[in-house]
Each structure stands twice: as C-alpha cells, then as structure tokens.
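In: Turn this into a structure:
(one chain, ligands or ions: 1)
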Amino acid sequence: MSQPTASKPDPSPLTRPSRPEPVLAHEISLALPGLPDAMVGRRILHLSDVHIRRYRPRFRRMIARCARLRPDFVWMTGDYMTVHGDEQAALTVMADLLDVFEPPGGIFGCFGNHDSAAFKRLALKRLHRCHWLEHEAVTLPEYGITLMGTSTPCDVLACIMAARQAEQTVGSAADSYRILLGHEPGILITCAELGIEWTLAGHTHGGQLRFGLPFALHNSTDIPGSHSSGILRCRDSVCTISRGLGESYFDVRLLCPTHLPMYTLRRGPLPGSHCRRMDCVQWW
Ligand SMILES: [Fe+2]
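Out: Alright, predicted model coming up:
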C-alpha cells in the first residue's frame, strides 16, 4: 500500500514556478476553539475550482497525487466546470477523482457559480460517492459537527435553517459545531453573524494573476485583492480560501500556483485578533 504523501509547507508563491500545475497537498495546521474532541487531529482535504473543460494531463496527475493522500474527510467547494458544454468532461474527471478517495468521514461537496443546472442534476445522479449539499445540512454526531453546503446564489440563512432542522432530528442542536462549504468567501460576515465557526471557500482562484504578495488585481468578489486566499477572520468565525485547482476561461496563472489544502485540525485560539470587519490573518 502506498504511503501518504509527505507534503512540504507551501513556499512563497513568489518563488514558485508560475505553471498552473497542481501542487502537493498544502499542509495547514488550523486552530479552532470549541472544536469537538472527535475532530481534533482530523485531516480535511479541500478541493475547489477544478474548472474541468476537457480531460487534461494535469487532471491525471492530480488524481494520481490525490490517490496517495489519506484524509479523514474530503470537502469540495464548487466550480467543477466552467461553461455550458463542459458537463460531460466534468462528470468523467470528477468520477475518476472521487474514486481514489476512501475517507472514513466521507466526501461532501457544494456547488459554485460555474456549475450549471444540468451539471448539478447529473452530479446528484451519477457522482454518488459525494454527499452533495445544496443549501442543505447534515449532522455527523460521531464527529460532533453539522456540515452545511451552499449553492448559487449563496443563501447562508437557508443553510442555517437546514442545520437547525438536521440538528433537531438528532437532538444535537446545543453543541453541534457548524461548518459551511460556501464557495464564495464574501459570505464570511454573514456566517460570523449567524454563528458558523468555519467556512471553506474557493471562487477567487487566489486572484489567478498576482503581481506581488499579497496583491491580486481581480478575484471576482467584492472583497479586496489582499483577501484573495488564505485565512480570513471576522469576529469568532474564520474562512479558509483555496486558490483552486483550475482556471476559468484562460489556462493561465501568474505567481499563483494551483492549490490543494490539507487542514490538520487542532483546538486553540483563532489566528489573528477579534475584529468586526473581515481581516486576512494568514495569506497563501
Ligand atoms: Fe472558480
């Protein structure tokens, strides 16, 4: 049996090649206060923004690399395709990708703004290895968490209502730790207001074209370019943003390599300080 990949800390993107090649998993030690005992030490693989348009050699290499990883959970935050017509290619690559994972905690995913209605329908039908959360929630009592997923447009309130319903069903409303697969990081302020402890997002591609650190000209959101990837904090809530595994429209990245975060969770104070606005407390 192959061993888990010993991933190195992500060096500065300034020293990385600008080729849009998938990196080895970026090992991130993430401190979260109030983390349930059963989640301490768990490893979460975060896949986002694959933007499949055809079966590129890069995706074969990505799948081979993913096959060597042994996460406890695989969580996905949307944009598996780019434009109408990509659906079949996206389904084929995603089916091959999902096949290599056997995480004991399961595979969960939300959808992004590039995922067409047709793709969502087909994914729900054919990509059975993933538990899709489209403005839905599921409680995992053995881990002490409630996991929610958005769709487009992001409706965090719908997710909270789904979470409450799911928690009431298993009688865990008082102590369930809420985590959102959210695609767009701009929802962090709403998540903080609604008591969601951790949001995972993509969407920005880390800016895709960067001219310094931290500086991205464009990230398809209303949040600043300096908040395009890393850990954002608002009050007692954090959002971790992946730079993503693909590109939309143009297969070009500059000083912004593709990204496959692997979070190892520990209990501890949040990074940065308490703030009412949205601060970037760690950049990658
Ligand atoms: Fe995207």
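In: Below-threshold pLDDT in the stretch 1-150 of the chain: ranges please.
Out: Across the stretch 1-150 of the chain, the ranges flagged by pLDDT under 70 are 1-23.
In: how about the residues of it near the ion?
Out: With CB under 5 Å from the ion as the criterion, the stretch 1-150 of the chain comes near the ion at residues 49, 79. (Each C-beta comes from the backbone N, C-alpha and C, glycine too.)
In: all helices for the stretch 1-150 of the chain, in order.
Out: Here the stretch 1-150 of the chain has its helices, by DSSP state H, counting those that start in this stretch, at 57-66, 87-99, 117-126.
In: Ala166 - that's part of a strand, no?
Out: No. With DSSP: H, G, I helix; E, B strand; the rest coil as the criterion, Ala166 is assigned helix and is not in a strand.
In: Could you report the neighbour count for Ile189?
Out: Applying other CB atoms under 10 Å, we find 18 residues neighbouring Ile189.
In: Contact partners for it?
Out: Neighbouring residues of Ile189 by CB atoms under 8 Å, 6 or more residues apart in numbering: 234, 278.
In: List the contacts of Pro103.
Out: Counted by CB under 8 Å, 6+ apart, Pro103 has contacts 45, 71-74.
In: Save the residues you listed as CSV, and put in neighbour count too.
Out: Below are the contacts of Pro103 laid out as CSV (neighbours: other CB atoms under 10 Å):
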residue, neighbour count
Leu45, 21
Pro71, 23
Asp72, 17
Phe73, 24
Val74, 25
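In: Next step: those residues restricted to strands.
Out: Assigned to strands by DSSP state E, the following of the contacts of Pro103 qualify: 45, 73-74.
In: Out of these, which is nearest to Ser226?
Out: Taking CB to CB as the measure, Ser226 sits nearest to Leu45 out of those, at 26.2 Å.
In: Starting from the ion, give me the distance back to the closest one.
Out: From Leu45 over to the ion the distance is 18 Å, taken as CB to the ion, to the nearest Å.
In: Skipping adjacent residues, who's closest to the residue of the stretch 51-200 of the chain found nearest the ion in space?
Out: Nearest residue of the stretch 51-200 of the chain to the ion: Asp79, at 3.5 Å (CB to the ion). Nearest residue to Asp79, sequence neighbours excluded (CB to CB, 6 or more residues apart in numbering): Gly112, at 3.6 Å.
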